[in-house]
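Undergrad: below: sequence and its predicted model.
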Amino acid sequence: GAVVSQHPSWVICKSGTSVKIECRSLDFQATTMFWYRQFPKQSLMLMATSNEGSKATYEQGVEKDKFLINHASLTLSTLTVTSAHPEDSSFYICSAARLADSSYEQYFGPGTRLTVT
Amino acid sequence: AQSVTQLDSQVPVFEEAPVELRCNYSSSVSVYLFWYVQYPNQGLQLLLKYLSGSTLVKGINGFEAEFNKSQTSFHLRKPSVHISDTAEYFCAVEAGTYKYIFGTGTRLKVLA
């Protein structure tokens, strides 16, 4: 149980276009999902917390107008990178929170590699 | 504020040798601690977690970790590593906000 998927697994887009990444919890409902960004050989940096039915909470330094997050249902959150530029190229990972052992635990998706040319 | 420090960026070790990956945290409140493994171009897989209770936590793939409150550490250990354990390992702390703070990661390279 507790499987999280991401689609697409990789995407190449041209500079100036927008890209949407989906994060789905396949066998549980998640009121909270998280979006992370990971640069090569670096750690995961939390970008934003996505709450079902409300606006996302962005971490300091993350442009909310550039990284649009929509948590439309209890099993789906989407991240849209608007007007992408080469510096947005990165590995994006989502996670979904589920109550386990009296605490919320995050289950991670397999990641989406974005390359902007 | 919470933080996590992984002191070793890379750890080379020969196959069947023991290994310890170090993790120290700072927090003014009770914490939950996690170790994750990441294989190339993949997401994170939970190895083990400490929420409360016994300070020695056993996880998957033969890994274990010990929570030491006085030393604010949560080191990961395995008595005998395999080539397949070659991966990136991340320590993470959660301190009441459901948000995880990750360490910078340790690359474990198992040598034949």
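TA: Received it, and whenever you're ready, just let me know what you need. Numbers count the residues shown, from 1 in each chain, chains lettered A, B, ... in the order given.
Undergrad: show me what the residue nearest the centre of chain B bridges to in the sheet.
TA: Computing the C-alpha centroid of chain B and ranking residues by C-alpha atoms, centre = their mean puts B:Trp35 first, at 3.7 Å. Counting by DSSP bridges, B:Trp35 forms beta bridges with B:Leu48, B:Cys91.
Undergrad: next one: B:Glu66
TA: B:Leu56, B:His75.
Undergrad: can I assume it is in contact with B:Lys58?
TA: No: B:Glu66 lies out of contact with B:Lys58 (C-beta atoms under 8 Å); the separation is 10.4 Å. C-beta: built from backbone N, CA, C; applies to glycine.
Undergrad: can you pull the contacts of B:Asn41?
TA: Applying C-beta atoms under 8 Å, 6 or more residues apart in numbering or on different chains, we find B:Asn41 in contact with A:Phe91, A:Gly111, A:Arg113.
Undergrad: low-confidence stretches in chain B?
TA: B:95-97 (pLDDT under 70).
Undergrad: who in it is up against chain A?
TA: B:32, B:36, B:41-46, B:49, B:51, B:90, B:94, B:98-105, B:107 (C-beta under 8 Å from any C-beta of the partner chain).
Undergrad: residues near A:Pro86, how many?
TA: The number of residues packed near A:Pro86 is 9, by other C-beta atoms under 10 Å in any protein chain shown.
Undergrad: quick check: pLDDT value at the nearest residue to it once chain neighbours are set aside.
TA: Nearest non-adjacent residue to A:Pro86, counting by C-beta to C-beta, 6 or more residues apart in numbering or on different chains: A:Val116, 4.9 Å away. As predicted, A:Val116 sits at a pLDDT of 97.
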